[in-house]
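Undergrad: Need coordinates for the below:
(2 chains)
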Amino acid sequence: MAPPADRMVGLAWAAGAVAVTVLAAIPTDLSAQFLMAAVLLAAIVVLRGLDGSGPLRVVILGLAVFLTLRYLFWRTTATIEYYDPASFAAALALYAAELYSIGLYLLGLFVNVHPMVRGPAPALPRDRLPPVAVLVPSYNEPDELLRVTLVAARRIRYPADRLNVYLLDDGGTDQKRNDPDPAVARAARERHVRLQRLCADTGVRYLARRRNEHAKAGNLNAALPRVDGELILVIDADHVPTADILERTVGWFGADPKLFLVQTPHFFIAADPIEKNLGTFRTMPGEHEMFYRLIQPGLDFWNASMFCGSAAILRRAHLEEIGGFATTSVTEDAETSLELHARGYRSIYVADPMVSGLVPPTFDALVRQRTRWAQGMTQLLLLKNPLWRRGLGMAQRLCYLAGMTFWLFPFARLAFVLAPLAFLVFGLRIYSANLWQIAAYALPHLVASALVTRLLFGSARWPFVSWLYEIMQSMHAVRAILGVFRRPHSPHFLVTPKGEVTDTDFVTPLARPFYVVFALNLVAVPLGLWHLHRVPTDIEPVAITLAWALVNLVLLTIALGALYERSQRRAAPRMPASIAAHLVVDGTPIRCAVDDLSTGGAAILLDAEAAQAVARGSATALRIGDPATYETVEIPAGIRNVAARTRGVRIGLSFAPRSTEDFGRIVDLVLGDSERWADFVAERSRRRHAGGASLVLFWLGLRGAAAHARALWRGRTPARRPAPVDATAAAIGSEVTKAA
Amino acid sequence: MMMGTDRLQNIRAALAGGLAALALAGAAAAQAPVRTAPAAPAAPSVPSPAASAPAVPLERFMPAPHPIVLRGLYAEQSLFFPVSPRTPTAAALLKLDLTNSIALQGDRSQLVVKLDNRVVAQLPLRGTQPSVAAEIDLPPALIRPGFNRLTFAAAQHVLPQCEDPNAPELWTQIDTARSTLALAPQAGPVRYRLGDLGALVGPGSASPYRVNVMTAGAGIDDARLRAGALVAQGLALRLGYVPLVARHLPLQAAAAAGPGVFGRLDQSPLVDGDAVLIGTKAEIAPFIADEIAAAINGAYLGIFPLERDPARFGLIVSGTTAAEVDRAATALTLMDFPFADAAQMRVDSVDRTTVATFGNAPTVEADSKHAFGDLGYRTRTIRGKADNEILIRFYLADQLYFPEEAMIELELDFAYGAGFGRVSALNLSLNGRFQATIALNDPNGAVLRDYRVTVVARELQAGMNTLRFEPVMSSVQAGNCEFAQFDNLLFSLADTSTMKVPPASRYARQPDLQLFSRTGFPYGRALGAEAALVAGATDPDTVAAYWSVAAKLAQVRRIALLDATYTAERGRGGGGHRLVVGAAGNLDPELFNAAALVIGNVHRVPYPSLRPRVEVPVGTNPAGEGGARGGRIAQANDLGENRYAMAFESPRGSGRTSTVVLAATPRLLRDGVDRMVLPDYWDQLRGDVFVWRDDPARIATTDAARTYGIGRLDPVDFGRYFVSSYPWVWIAAVVAIVLILAWLTRLWLRRYSRQHHGTAD
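TA: Residues are numbered from 1 along each chain as shown, chains lettered A, B, ... in the order given. Next up, the predicted model:
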C-alpha cells in the first residue's frame, strides 16, 4: 500500500492526465489548432535551449506528448474513411502502424524520463569481497579469440583466491565429440584438446557438458553446479573484460542483498556492417549506444535494467532460485531478468563500458542476430507478457513492454515504406486529410517528437539512423516474427558469427527485397505526377504521398549504400589512444606518445629529435604504464614502418611478446583500460547539428549506393558472400599469435 | 410617329423586317416602337402612353445591382419584372441606356430585346455610335400578371469573317441603373376575389408595399395589436421579398356617406396603399355597407375595391367577437386562397397542426439527405453558351454549428455531350462562393451517376441558400476561321442528384443582427413561442413601425409568429426573447441594463476604435468577431435623427435576446422603420448595434455587447465551439495543466527515487 502522500500525488496526477486527455480530445477549428501547435512548439524549442536536461525536461516531454495526443485523437476521428475494401484495409494497416509507433514513443518517454546516474560502487573490505566465477561460454569461436578473452579475464583486478575463470565449451561437449558425422566429431575432439591446453596455459578451468541443450543458457546452467563463486560474471567469448570490471561492480552487491544483477554496457571495438559499409564508425555513435548509454540508465531508474547476456554480474543464489538462466525463449538474458524482477529482486546498471567486443561482421550476420532478438522478445511478449506477470511493478511492466514491443517495428516500418505506394501506385485512399490538416496536426506531432527524441537521444543517435537500421532489418525479420506468432515455442538459438573478415567488396545476398521496394518508390514518383496530370484536384494527396515516397527513397538510398559490403581485413580496427610512453632504443628510453593500439602493435608519435635518435639505433621494446597493474612494463616490439609527419614521425610498432606474461601485458594495454573506452565513446558522442549529421549520412549513403550500383553494373549480382579469408587467423588475437 | 431631329431615329418595327433573317426574330409580329439616340446629350423622346407611369430602374429586378454585360459573338441575359394582377397593363415603356464597343460592325451587330422569348425590338450596335439611349414601347398584350421575362441578346461582330468568338472587343453593356421600365395600369373597375389575394399582394407588387391598417377608436389594445401584426404578416408572406410598410389609422366616418362597401368610411387619409379594417362587427359596422356588416356572423374576411381608388382594395378582418377577429387574422396568415373565388368568406375554424411555410424554397435541416427533386428542382438541360446556370435554392431554418471539417456531400447525376473543349468544366458555388469544379473533358461525352463532390458545410448559412451549377462549355473548334459548333454543348443535371447535410448542433452566437436579418432568429421558431413583440407605446406611429417590423420578421422567417406574445405592456412576455419597438422615451429603462447603448439623460454610447478606414469585403464584420470594441463614451445629447437597432442579452433572462428598435420620437421611429425594412438597409444589419438615418451608405454597425449562445451544443461541439472561439484560453489551460503535471511528475520521481534509490535525484 502506497503512503498517503504518494496516493495524493498519484490521484492528482491521474486527474491532471484526464484533464490533459480531455483538452487534447477537443476538436477545434484549424486556426486554433495551428495557434496551439505553434505556441507549444515554440515553448519546446525555448525550453530545450534553457534547460533540456534539468527539471524542465518533464515540461518539454509533457508539451510534446500533448501535441502527439492531439494528433492521435484527430487521426482516429477524422482521417479514416471507407472508400472501398482495399483502401480501408490499407488505411487500417497504416493506422495500426502509427498507433504502434505512438505507443512505443510514449513508452520510450516514460522509460527515459529520469535516467539514473550512478556514482562509484560502494567499497567493500577485502575480506568481504565475495568469490566470483567468471563464465565464458563458447560454441565455435576461434582459439585465439578465446585466448585474449581468457587472459583478460584472468587479469581482472580481484583477489586471486576469490576469482575463478571458467571456459564453458559447447563446441567440445560429449554430444559434439561423438557426433555421427566423423568430421564434426573429429573437429570437436581436436577443439576439446586444444582448449583444455589453452585453459591450462592461461589458468582457466575448462568445462564441457554432455549434451548441447538450451544453447547458451543451457551451457551456463550446466556449469552453475560446477563452479565456485557467489557472484557470476558472464562474459561472451568475444567480449574482452577490462581489469576493473569487478572493482566497479561487486561493491553494489554488498550494499543490497536483493540485488541480482549489475549490468554493464557492451562496447564494441569494431564497426557493425552498416557502420563499416557507410564508413561512419569513427564519427557516428554506434547503433547500440542509444540502448547502453541512454535507455539502460532509464530502465535502471525504474529498477528494470535488463540482463544483456554478457558483461554482467549476477548473484548465483538468486539465479538458482529460478533454476538458473531462463530457457523458454531464445533471449535468455531478458527472460532471466524478467523472472528475477518478478520475484522482487533488483538490478543495477553501471554505464561505464568495461568490455570490448566484436559485432556481426556482415549484414546477414547482423540480420541473423537481430532476428533472434526479435524472435526472443516476441516470444516473451506472447509467453510471459509483462502486463500480466505477477510480481512486477507497474513501471517495470511498462519498461519490459517497451523493450518487447520495440521488436515488432518491422511491421510498422514496412507499413510506412509501402504506404505512399498504396496511393501512388495502386490508387488506394489510405489517409483522409488535406494538406492544411496535416500541417496543423501531423507536422507539429512529428516536429515535437523529433525535438524530444533529439533531446533524449541526440548524443547517441543521429537523425534518421533509427529509421535506417529498422528499414534494413525489417525486410527479413518480418517472416521470422510472424513465425513466432504462429508457433511461439519454435525459434532456436542461432549463434551469431563474429570475427570474420573478407578481402573483397561484395553485394550482400540480402539486398534483393530492397531493390524491389526501391524500384516501387522510384516508379511511384512519375506515377504520382501522372496522376496529378490526370486529376489535378488530387494535388494534396499526391503532394503528401510524393513527399513521403521521396523520404523513403532517401532512406532506401542510404540502405542500398549500406548493403554493399566492404572488405574487412581486420576483425578489430586499431583503436585510438593518447598515452605517454617510451620507446626503448638500444636500452635508452625515448619519449613518445601512443596514437593508436591494437593487439598486434601500436602507432607512436615522436618529435624530430627523438626520431633521429631512433634512426640511429634499434628499437627493442615499448615502455609503458600497464593499466591493469599500474606498473610500468616493457613490451617487446619492433619497428614495422615509419611515416614522416609535420613535426616528427609516426612509427608503426609490431609487438613481439616473448612470454604469456608479455601477452597478458599487451592485452592489459590494448583492451584492459576502461578509461580509454569511455574516452572513445565520449569522442564519438559529441553532438552534431541534426542537419549536418543528416547530410553526412545521406552523402555517405549516396556514395555507397553509387558503389553498389557500379558493382551491379559490373555484374556482381547479390550472391552468397565470399568465404572469410581465414576465420582463425582473422580473429582478434591473430596478430598477437602470429607475432608470438 | 417619325421624329425630325437629327439625333433621334424612329425606327419602330421597320427594323424588324430588315433583320428577319435573324433566328431570334421569330416573333416579328410583336415588334415594338423603338426610338434610339446617342446617349448624350439626352434626346427628346416620342411621348409614350407609359411615359407618365413611374419608371423603375432595371437593377431593381436583379438579385444584385450591376450592369448587364454581353460578351462574345453571341450572348444573352434575362431579368424578370413583376406585374400586379389587379390592373391590366395599358402600356409599358422600356428605356435602355447602353454602351457598346467602338470596334463593332454596325451592319451585322445588333441587340435583340425579347419579352417572354418573343422579339419585341432590335437595335443596331455600331462602333461609330457607342453610346445609345433607346425607348421601346413594349406590347402590353405580352405583359401578364406575375413575372415577365425580359431578355437582351446581342450578336456582335468586329470582322466580316474568321472571328475569334471570345475577342475582347465583342461587348455591349447595359446600364441597369439608368435603364428603366415603366408600366401604366389600365383604368377601370376591378373585381377583387380572396382567391386573387396571393397575386394582388404578391412579389409583383410595387416596392415597398403600403398598407393602411384601420382600427376603431383612438388607442389600441393588445388584441388588436396582435390582429394587426398577424394581418401585416399575412400580407408580407405573400409579398415574398417585397417589403411591407404599415400605417395605423383610426376608423373615421365619412363626412357624407356614399355608395359602395366603404361609402361610409372616410377614405381621405388613404393617400397611398391598400386598406385593412380590423375590428369586431360592432366596431366596424358603422363604416361599411349594411349588407356586408350583416354578413359578419363569425370570423370574417372580405375584400372589396376602395371607392376612392378602385385600384386599391379594402380588406375586412372581422368577427362578432375579438376571438373571431383573431381567428380571421390567423386564417389570413395561413390560408392559400386560390380556392376561394369569392369576395368574402367566413372562417369557421383554423387547424394549425399542419402549418407550413409559404414560398417555394424547401427547408433543409442538419443530418438529412435530399434529392434535388425534393428541393424543387426538375431535371434540366442547358444548351450552348447562353443559358448557363442551374440554381437550387433551399432554406436552412436553423442556425447550425457545423464542425469545420464537416462536408456537404453532393452525389450528382449528370450528363454532357461529346466534343467539349478541354477547358469545359462544371463550376459549383454555394451562396456565391466557388466551391468545386468538375472537368467536362471526355471527348465522347459522359453520363455520370453519383459523382461525389463535397462542399464545406460551414458555407451553409441560416436562411436562404443557393447552390449554383455553372457549366462552362466550350467547343473543340474555336479557332478564328474554324466553324464553331455549339449545338453539341449540352449539359443535363438530373433531379435525382442528392445533397447530404452532415449532423450539426443547433446553436447560435448572440447577439447577431445579421442572423436576425436573415432568419429572424431568435424570434419565432415554432410559430414564435417564447418570443414577445413589444410596442413601446400605442400611438399610431409606434404601432405602424411595430407592424412593419412584425411583417418583416415574418418574411425572413417565412412564417407568421402565431404563438408570439404581442403587447404594448412592458411586463408581458418577459421571460423569452423580446423584440421591442418604440420611441426612446417610452421604453422601459430596465431594458437598457444590459444594452450597449444606454438611453437616458446621459447616453452611454459604444464607439469602435478610431482607426484608418479599411475596405472590408461585403459580408464580413468590420469590428471582427470578438475583436476590439473600442471605448464607451457617456455623452449628453439627444438622439437626433439616428435610429438604432440593437441586440443584447435580456436583463430578464440568461440566454435570452432583447432586440430594441428605437428612435427619438414615434414619427422618427416610423419613418426609420419604413427605411429599415427596405433591402438597402435591412441587408446591412449586422453586429449588435445598427445605426441608420436616411442614407443607406451612412449606416454604421458595431459589436459592443457581451456575447452568449442560444441553442444546445452536444459536449463535443461545445468543446469545439469554445476552444475555437477562445483558443488562448485553451492554450493557457493546456500549458497550465502540463506545468502542474510536470511538477507532479517531478515530485513523484523524486519520491520514487528517494524510496528506491535512497536519493532524491
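Undergrad: in the stretch 51-200 of chain B, which spans are strands?
TA: Listed in chain order, the strands found in the stretch 51-200 of chain B under DSSP state E, counting those that start in this stretch are B:55-57, B:68-71, B:74-83, B:89-100, B:110-115, B:118-124, B:131-138, B:146-155, B:171-174, B:180-185.
Undergrad: Of those strands, which is nearest residue A:438?
TA: For residue A:438, the closest of the strands of the stretch 51-200 of chain B is strand B:68-71, at 41.3 Å, according to C-beta to C-beta. C-beta coordinates here come from the backbone N, C-alpha and C atoms, glycine included.
Undergrad: what's that closest one packed up against?
TA: The contact analysis (3 or more C-beta pairs under 8 Å, 6 or more residues apart in numbering or on different chains; DSSP states H and E) places strand B:68-71 against strand B:74-83, strand B:146-155, strand B:171-174.
Undergrad: Which neighbours in the sheet does the shortest one have, and how are they oriented?
TA: Applying DSSP bridges to the sheet, strand B:171-174 is found paired with strand B:68-71 (antiparallel), strand B:89-100 (antiparallel).
Undergrad: still on that earlier bit, format the strands of the stretch 51-200 of chain B as JSON lines; extra columns: distance to residue B:365.
TA: Listed next are these as JSON lines, based on distance: least, C-beta to C-beta, whole Å:
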{"stretch": "strand B:55-57", "distance to residue B:365": "37"}
{"stretch": "strand B:68-71", "distance to residue B:365": "37"}
{"stretch": "strand B:74-83", "distance to residue B:365": "30"}
{"stretch": "strand B:89-100", "distance to residue B:365": "41"}
{"stretch": "strand B:110-115", "distance to residue B:365": "40"}
{"stretch": "strand B:118-124", "distance to residue B:365": "42"}
{"stretch": "strand B:131-138", "distance to residue B:365": "43"}
{"stretch": "strand B:146-155", "distance to residue B:365": "29"}
{"stretch": "strand B:171-174", "distance to residue B:365": "41"}
{"stretch": "strand B:180-185", "distance to residue B:365": "39"}
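Undergrad: Return the backbone torsion pair for the nearest residue to residue A:343 once chain neighbours are set aside.
TA: Nearest residue to residue A:343, sequence neighbours excluded (C-beta to C-beta, 6 or more residues apart in numbering or on different chains): residue A:391, at 5.9 Å. Dihedral pair for residue A:391: phi 100, psi -20, per degrees, to the nearest 10.
Undergrad: Residue A:391: neighbour count?
TA: For residue A:391, the number of neighbouring residues by other C-beta atoms under 10 Å in any protein chain shown comes to 13.
Undergrad: That one contacts residue A:342, doesn't it?
TA: Yes. Between residue A:391 and residue A:342 a contact is recorded at 3.7 Å, counting by C-beta atoms under 8 Å.
Undergrad: For residue B:53, list the residues it contacts.
TA: By C-beta atoms under 8 Å, 6 or more residues apart in numbering or on different chains, the residues touching residue B:53 are B:91, B:93, B:182, B:183, B:184, B:185.
Undergrad: Contacts for the helix or strand in which residue A:165 is found next, please.
TA: Assessed by DSSP states H and E, residue A:165 sits inside strand A:163-169. Here strand A:163-169 makes contact (C-beta under 8 Å, 6+ apart) with A:131-138, A:146, A:150, A:153-154, A:156, A:191-192, A:195, A:198-199, A:202-209, A:219-220, A:222-223, A:226-229, A:246.
Undergrad: Ranking the strands paired with strand B:171-174 by mean neighbour count, which comes first?
TA: For the strands paired with strand B:171-174, average neighbour numbers computed from mean count of other C-beta atoms under 10 Å in any protein chain shown are highest in strand B:89-100, which has a mean of 23.
Undergrad: and the angle for it with strand B:118-124?
TA: For strand B:89-100 against strand B:118-124, the angle by axes from the mean of the first three to the mean of the last three C-alpha atoms, to 10 degrees is 40 degrees.
Undergrad: for strand B:89-100, the distance to its chain's centre please.
TA: Centre-to-centre, strand B:89-100 and its host chain are 25 Å apart (C-alpha atoms, centre = their mean, to the nearest Å).
Undergrad: Over to stretch A:456-468?
TA: Centroid separation between stretch A:456-468 and its chain, computed with C-alpha atoms, centre = their mean, is 12 Å.
Undergrad: what's the spacing between the spatially most central residue of chain A and residue A:620?
TA: For chain A, residue A:288 is the residue whose C-alpha lies nearest the centre (C-alpha atoms, centre = their mean; 2.2 Å). According to C-beta to C-beta, to the nearest Å, residue A:288 and residue A:620 sit 40 Å apart.
Undergrad: just residue B:322 next, same as before
TA: For residue B:322, the distance to residue A:620 - C-beta to C-beta - is 134 Å.
Undergrad: ok, now residue B:556?
TA: Here residue B:556 is placed at a distance of 110 Å from residue A:620 (C-beta to C-beta).
Undergrad: What parts of the stretch 401-550 of chain A come near chain B?
TA: A:437, A:537 (C-beta under 8 Å from any C-beta of the partner chain).
Undergrad: Can you list the low-confidence ranges for the stretch 401-550 of chain A?
TA: A:493-503 (pLDDT under 70).
Undergrad: please redo it, this time with the cut-off set to 80
TA: The stretch 401-550 of chain A contains residues with pLDDT under 80 at A:490-505, A:536-537.
Undergrad: Straight-line length of stretch B:521-539, end to end?
TA: Start and end residues of stretch B:521-539 are separated by 27 Å (C-alpha to C-alpha, to the nearest Å).
Undergrad: ok, now stretch B:317-324?
TA: 9 Å.
Undergrad: Now residue 130: phi and psi?
TA: All of this refers to chain A. phi -80, psi 150.
Undergrad: My question was about chain B, not that one.
TA: phi -70, psi -20.
Undergrad: Mean pLDDT and mean neighbour count added to the helices and strands packed on strand B:68-71, as TSV?
TA: As requested, these are exported to TSV (pLDDT from 0 to 100; neighbours: other C-beta atoms under 10 Å in any protein chain shown):
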stretch	mean pLDDT	mean neighbour count
strand B:74-83	86	19
strand B:146-155	90	20
strand B:171-174	94	21
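Undergrad: just to revisit the earlier point, weed out the non-buried ones from the contacts of strand A:163-169.
TA: For the contacts of strand A:163-169, a neighbour count by 16 or more other C-beta atoms under 10 Å in any protein chain shown gives the buried set as A:131-138, A:146, A:150, A:153-154, A:156, A:191-192, A:195, A:198-199, A:202, A:204-209, A:219-220, A:222-223, A:227, A:229, A:246.
Undergrad: Looking at those residues, which are in strands?
TA: Judged by DSSP state E, strands contain the following of these: A:132, A:133, A:134, A:135, A:136, A:137, A:138, A:205, A:206, A:207.
Undergrad: Sounds good, over and out.
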